Every structure is written in structure tokens, then in C-alpha cells.
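# return atomic coordinates for the entry below.
(2 chains)
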Amino acid sequence: MNKRKLLLLFFLFCYAAIIIKLFSIQIINSESVKTDNYLQTEMILSERGKIYDRNRNPLVLNQNSYHLYIEPKKIKDKYEVIKKLDEVLKVGEATIEARFDDTKYWVSILSGIEEKEKDKISKLNLKGVGFNYGMKRYYPEASLAAHLVGFVGKNEKAEDVGYFGLEGFYDKELKGIPGLLESERDLLGRPILIGTQEKIDPENGRDLILTIDKTIQDISKQSLLNALKHYKAKQGCIITADPYTMQILGLVCLPDFDLEKYYEFSESYFKNPAVSDLYEPGSIFKPIIVSYGILKKLIKPNDIFDEEGPIRIGEYYIRTWNDKYQGKITVSGILEKSSNVGMVQIGQQMGNKAVFNAISDFGFGNLTNIDVQGEVPGNLKPIENWYPIDFATVTFGQGIAVTPIQMLRSFAAIINGGNLLKPYIVLKMDSGDREIEIKPKIIRKVLNNKTSEIMKKMLHSTVEQGEFQWVKPKGYKMGGKTGTAQIPIEGHYDASKTIASFIGFAPLDKPKFITLVVLREPESSPWASETAAPLFFEVAKEFLIYYNVAPEE
Amino acid sequence: MKKYIIYTVLFAIIVSNIYIFVSGINLSNEISKYEKDIMILHKENIELEKISTGDVSFQKAASLAAELDFTKKAIPIYLNNLAVALNK
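Residues are numbered from 1 along each chain as shown, chains lettered A, B, ... in the order given. Next comes the predicted model:
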């Protein structure tokens, strides 16, 4: 045999070896080979942005999560697999069996599986059972800020989408941009270096740093939980803000929902009553009208009005809340005694147009543009459509529907020197290499400093003369106003059903916080002075200690 | 002489090809290994973050307080009567 033949035989042997190996891979062991792995094109998921409070305490993080799937064609004993899966997952064998479709090659069984469960199932070595990696939300503080945060659900393409609250409002910023991997791989899944290798890195979502203070939020939630039980109220909200910036420090409305099991609640629980519910504010609206009247010099703080008895407007009689009348009463006295009759007289002295302008200037009927999903603007009808009784009742906060956040913002303008500000919840957006800070935004100046100072003194006097002295923290100078609004039912007001509210601030000279407390239909007493006011002073006491504010007197 | 040079070059080409091929496989193995390691580290980081934040959360503090019966004893004392403290 010459050298050429030897070489030919050698090459033939090599070719034969390659052909036999290919036959073995493609025909004999074809099931074990992932032919779709050759050109691997897959989306690299971006990590959803995290949410922190103003002191960088985490409110929402991500956690490892797995999606369980099966390949029915590879499973020999279906019922054994179902039984073993259910022993770990505990979702019911019937649930797994209902999803088990023998006719398909790939079936999704369950998503949101945690690391421990995944490890247990992996150890069972079940053929035809696999996992896809993903991430889901983790809430270290549970549902401390459920309405604020919102939740992450799925859209029709099974992609993560934020719903309600911040998750909904900042969905684009939070979800980031997914990356792409295009890679030629060998049979064992290793990259072929001389083949196509392209990778576009994902851009993770931005982290949100909120204006919310976890401690303020926790104090508010615990106090509101106790108050709802104590006063037997149907619903309640406590919203706290910095009056000079309108940064929201705490926002709690109850009942809320469990963020981990949001799917067990109906949609009505997801709405944030602080921005989505309209209510008649009652007497806490009075300072809005009074401040505008003083600003426009239509009334003076020392003006005296005659509160001799009920006042007649058309066919209606307007009375004071206790049907007792003071006779001569000053503007400050009207606020202290919360006199509806006095307010109607103030409104009459100011004129209808001025009353309407006061409401409009303070932003009622418009969105505050707070950065959470679901805000409603309320409805301020054109001045031509107002009846005389509307101009009268609106002076004491009846016949107008506002959101709690509108009320808080306008009251903050009264005490901060007259700046109507845009309320906001996101303080900073952090994308790792860049941090964007959101600054306070003044919409317009609605009062001057002088009027603001006069109003602060009047509101201090209202607290000092109020009927709730037993609950007021001693030594602190505070301002505020109660409001008891009757709820309209089928065209008339039901006196037994009220919305009790209190809006207050402290300390008086340079307020650290302004807080609005709203209790819907308290059963223990319909009056705000016996429900909302004590609740306000309870939380204010805790806030003052937290902010290290010493008593002034 | 010329013949030996051709054989030598041919041998060198074959050896270098085999070397490049084996190196390619080794590099691919390393890439795969690092991809897996990065994924494991990422998962571990997320898990550790979850554990560490859970330990300093109000939820944990509340459950510990309840367990240790601190709830009734930890009510803050308010300085309502400062006049006594200040000897006025």
C-alpha cells in the first residue's frame, strides 16, 4: 500500500467517523438534542426599579422567582408527576391537572414560585418538568403603603405591567429596557466563538426615592387602623405633607389591600381614596373662603357679623351645627365656633363672584397632577349654573366635591405664605450613574404673606378654643380646623351619616407638617371634634416626637 | 530539503489549527461557566438583599416586639408636664 492510499484511507476513516456521529446525534438520540439552541436569540430581562422611602429604606425590591412548565410528551406517568408537584406547591392536584394538556409539547403550570420550592422540585428529578427564571416584587414592609405603591400584574402578552399608584404612574421608568442576546451555540449550549455573538445589555429600570417617610407612614397606618376600630368608621385616610414643598410624607387610606395577594381583592380596593374619591369637605373648607376674602379686602379679621338665628336662602334655612347662636361674632369667632350662618354672611359680603374665584384660585375642579395613577379633578360647574343656595352652602364646604389631596394642597397654601404647590411623591429617580431630583413646583401664588400669617393665627385660635382640649398635646402651638360634612343620599342629606375630618399643622411658626385626617361614617359619634380631631392630635403628638420638636410653652 | 519544509509547514498548520480549536472550546467553556456564575451571583445578591432588608424592617421589629412582649412596655413617655422637670 503506497502512501497515497494510506492517506485516502485515513481521510475516509475520519469522514466515516463524522457521519456515524452525526447519525447518532440526529437520528438515534435526536430527542436529547436541543436543535433550537444553534442560533440562540433571547431577550435579557431588565431588572425592575426598586422603590425606597426618603431615607433610602426599601419599600419595594425584587426577589427571585421561577415559572414552572412541563413538557407532556416527555412525561410517562402523568399522575405521579402531578402528585409530586402538588406535595411541594400545595395548589391542589386538580389545579395542576386542569393545566396539564397531553396534546401539547410545552405547558405553563405556575408562575411566582420561590427559590425554596424550586429547589425541592428540582431534587425530585422529574423528567419533563422545568423552570424559567424571572423576578417578582418583594415588599419588606408588607402593605405599609399599598395604595401609594400599586402592584405589578401582567398584560395580555404576559409581560409585567405596573397598575395603580406609583407602579402604574412610573411604569416606563421602573421597567427599563430589555437587552438582546444573539449567540451561535454548540450542542452543549456553549458559544461558538467564530460564529455570531451579539449582546445588547439590558438597561435596568430606575429606582424611585420617595418623599414618603417610612416612620410617618407607619405611625399614620397604625393610628388609622386603631381609629377605624375605635370610632367604627367605614373608611379613613391620613395624609401628611411638608406645607412648604408639598412633598407627601405619609399617605394612608384604609381599608387597603395585600400587595402580595392583590389578585384576591376586587378593583374597588385598588383605588386610592386620597386622589380618586370625591367628598364634601364641610367646615374645613371655611378658611379657604375667609382667606380669599381677607386677601381681596372684602372682609377684615375684626369685622363683626350678626348671628342671630337661622338664615334664609330662598326656600332653605341654614342653621349652625348645634342650632345655638352667638349674636355678635367676629370672623375669627366664626371659624372658632364653626358657624355656618356666619360663613353665609361672609359669603354674601364677599359676593358670589369672589366666592367662586376663591374656589377656582385654590385649584378645586382641576387635577393637582400628583404623581400617582387615578387622580380625579372633581367637578366645578361654571358660575352661570350656580343657584343662590350653592353660593351659600359652599362657604361652609357643602355642595362641593373635592379630593382629600386638593384639600390638603389648598390648606398648605394658606399656611405657607400663599403658594399653591404641586404635590409630589417621587423625590429622586436613580439610574445608577445619574440621579434626577424633582424640585417643588409653585403653580401660583394665591395669598400674600400677611394674609397667610393672619390665617395661621386664626387657625391657632380655632384649636385653642376647640372642644377637643383633652386630646391636644400640651405645650405645643398648633393650628387646624374640624369639618363634619353630611353625606348626600338620594337628593337629601342624612344627618346620621357624616364624613368627619380634621386638618392641622404644627408647630405654629414654621410648620414641619400639615396633616389631613378623614373618617367616613364614624358610628361612635358623627362629629369631627370627637373622632377626627382626637385622631389628628394622636398622630401629631407622635410626629412632633419623631421630628424632635420641643414644647414651646 | 524543500519537501521537509512543506511537511514542517503542514504539520505546524495542523497543530496550530488543533490548538485554536481546543482553545476555542476551552474559552467557550469558560464563557458558559462565567455566565452561570454571574447568574448565580445575581440570584444570591437578590436573596441576600431580601434577607438583610427583611431583618431591619418594621414588620420584623413588630414581630420581635410581640414575641418579647415589648408592645405595652415601649409606649413613649410624653413630656406633658415640663414645668415639674424644669422646677418652675
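
# every contact and neighbour count from this point should use C-alpha atoms.
OK.

# tell me how many other residues crowd the closest residue in space to A:Gln465 that isn't next to it in sequence.
For A:Gln465, ignoring the flanking residues on the chain, the nearest one in space by CA to CA, 6 or more residues apart in numbering or on different chains is A:Glu336 at 6.3 Å. Look at A:Glu336: counted by other CA atoms under 10 Å in any protein chain shown, it has 21 neighbours.

# verify the stated contact: A:Glu336 with A:Glu467.
No - checked against CA atoms under 8 Å, the pair A:Glu336 and A:Glu467 is beyond contact range at 9.8 Å.

# assign A:Phe131 to helix, strand or coil.
strand (DSSP: H, G, I helix; E, B strand; the rest coil).

# can you tell me the closest non-neighbouring residue to it?
Nearest residue to A:Phe131, sequence neighbours excluded (CA to CA, 6+ apart): A:Leu68, at 4.7 Å.

# next: A:Glu553.
If you skip the residues right next to it in sequence, A:Glu553 has A:Gly475 as its closest partner in space, 4.5 Å away by CA to CA, 6+ apart.

# go on, A:Pro488?
A:Asp494 (6.5 Å).

# would you point out which residue is most central in chain B?
Centroid-nearest residue in chain B, with CA atoms, centre = their mean: B:Asn45, separated by 3.3 Å.

# what packs against the helix or strand containing that one?
Here B:Asn45 sits within helix B:2-55, counting by DSSP states H and E. Under the contact criterion of 3 or more CA pairs under 8 Å, 6 or more residues apart in numbering or on different chains; DSSP states H and E, the helices and strands touching helix B:2-55 comprise strand A:58-70.

# so where is the chain shaky, pLDDT-wise?
This is for chain A. Judged against pLDDT under 70, the low-scoring parts of chain A cover residues A:1, A:31-37, A:490-491.

# um, chain B though
Per-residue confidence for chain B (pLDDT under 70) gives these ranges: B:71-88.

# A:Asn357: what secondary structure?
When classified by three-state DSSP, A:Asn357 comes out as helix.

# give me the neighbour count for it.
14.

# equivalent analysis for A:Glu267, please.
The local packing of A:Glu267 (other CA under 10 Å) involves 10 other residues.

# report the separation between it and chain B.
Distance check for A:Glu267 against chain B: by CA to the nearest CA, to the nearest Å, it reads 26 Å.

# and for A:Lys497?
34 Å.

# residues contacting that residue?
Under the criterion of CA atoms under 8 Å, 6 or more residues apart in numbering or on different chains, the neighbours of A:Lys497 are A:Gln486, A:Ile487, A:Glu521, A:Pro522, A:Pro526.

# how about the contacts made by the closest residue in space to the first one that isn't next to it in sequence?
With CA to CA, 6+ apart as the criterion, A:Gln486 has its nearest non-adjacent residue at 4.4 Å, and that residue is A:Thr498. Applying CA under 8 Å, 6+ apart, one finds that A:Thr498 lies in contact with A:Thr484, A:Ala485, A:Gln486, A:Ile487, A:Arg520, A:Glu521, A:Pro522, A:Pro526, A:Trp527.

# how many other residues sit next to the first one?
Read it as A:Thr484. Per other CA under 10 Å, the neighbour tally for A:Thr484 reads 29.

# tell me the contacts of it?
Taking CA under 8 Å, 6+ apart as the definition of contact, the neighbours of A:Thr484 are A:Pro281, A:Gly282, A:Ser283, A:Thr498, A:Ile499, A:Ala500, A:Ser501, A:Pro526, A:Trp527, A:Ala528.

# likewise the third one?
Counting by CA under 8 Å, 6+ apart, A:Gln486 touches A:Glu280, A:Gly282, A:Gln398, A:Tyr493, A:Asp494, A:Ala495, A:Ser496, A:Lys497, A:Thr498, A:Ile499.

# and with 10 Å instead?
By CA atoms under 10 Å, 6 or more residues apart in numbering or on different chains, the contact set of A:Gln486 is A:279-282, A:398, A:492-500, A:521, A:526.

# for A:Val376, helix, strand, or coil?
Secondary structure state of A:Val376, per three-state DSSP, is coil.

# now the residue lying closest to it once chain neighbours are set aside: how far from A:Ile370?
Taking CA to CA, 6+ apart, and ignoring the residues beside it in sequence, A:Val376 has A:Ser276 as its nearest neighbour in space, at 5.3 Å. For A:Ser276, the distance to A:Ile370 equals 11 Å [CA to CA, to the nearest Å].

# how about the residues of chain A by chain B?
Taking CA under 10 Å from any CA of the partner chain as the test, the list of chain A residues beside chain B reads A:57-59, A:61-65, A:115, A:133, A:135, A:138-144, A:185-186, A:188-194, A:214-215, A:218, A:473-476, A:541-542, A:545, A:550-551, A:553.

# mind checking which helix or strand the residue nearest to A:Pro488 is in?
Taking DSSP H and E as the definition, A:Asp494 sits inside strand A:492-506.

# gap between the helix or strand just after that strand and the chain center?
In the C-terminal direction, the helix or strand that comes right after strand A:492-506 (DSSP H and E) is strand A:513-520. Using CA atoms, centre = their mean, to the nearest Å, the mean C-alpha position of strand A:513-520 is found 16 Å from that of the whole chain.

# likewise for stretch A:281-299?
Using CA atoms, centre = their mean, we find the averaged C-alpha position of stretch A:281-299 to lie 30 Å away from the chain's own average C-alpha position.

# which one of the residues in the stretch 201-350 of chain A is closest to chain B?
Of all residues in the stretch 201-350 of chain A, A:Asp218 sits closest to chain B, at 8.3 Å by CA to the nearest CA.

# quick check: that residue vs B:Gln59, distance?
Relative to B:Gln59, A:Asp218 is positioned 10 Å away (criterion: CA to CA).

# between these two, which contacts overlap?
A:Glu141, A:Leu144.

# now the lengthiest helix in chain A - C-alpha only, PDB.
Of all the elements of type helix in chain A, the one with the most residues (DSSP state H) is helix A:3-23. In PDB, the C-alpha atoms belonging to helix A:3-23 read as follows (Å, rounded to 0.1, in the frame of the first residue of the first chain):
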ATOM      1  CA  LYS A   3       1.400   6.500   0.900                       C
ATOM      2  CA  ARG A   4      -1.500   8.000  -1.100                       C
ATOM      3  CA  LYS A   5      -3.800   5.100  -0.500                       C
ATOM      4  CA  LEU A   6      -2.900   5.200   3.200                       C
ATOM      5  CA  LEU A   7      -3.800   8.900   3.300                       C
ATOM      6  CA  LEU A   8      -7.000   8.300   1.400                       C
ATOM      7  CA  LEU A   9      -7.900   5.500   3.900                       C
ATOM      8  CA  PHE A  10      -7.200   7.800   6.800                       C
ATOM      9  CA  PHE A  11      -9.500  10.600   5.500                       C
ATOM     10  CA  LEU A  12     -12.200   8.000   4.600                       C
ATOM     11  CA  PHE A  13     -12.000   6.800   8.200                       C
ATOM     12  CA  CYS A  14     -12.300  10.300   9.500                       C
ATOM     13  CA  TYR A  15     -15.400  11.100   7.300                       C
ATOM     14  CA  ALA A  16     -17.000   7.800   8.300                       C
ATOM     15  CA  ALA A  17     -16.500   8.700  12.000                       C
ATOM     16  CA  ILE A  18     -18.100  12.100  11.500                       C
ATOM     17  CA  ILE A  19     -21.100  10.500   9.500                       C
ATOM     18  CA  ILE A  20     -21.600   7.900  12.300                       C
ATOM     19  CA  LYS A  21     -21.500  10.600  15.000                       C
ATOM     20  CA  LEU A  22     -24.000  12.800  13.100                       C
ATOM     21  CA  PHE A  23     -26.300   9.800  12.500                       C
END
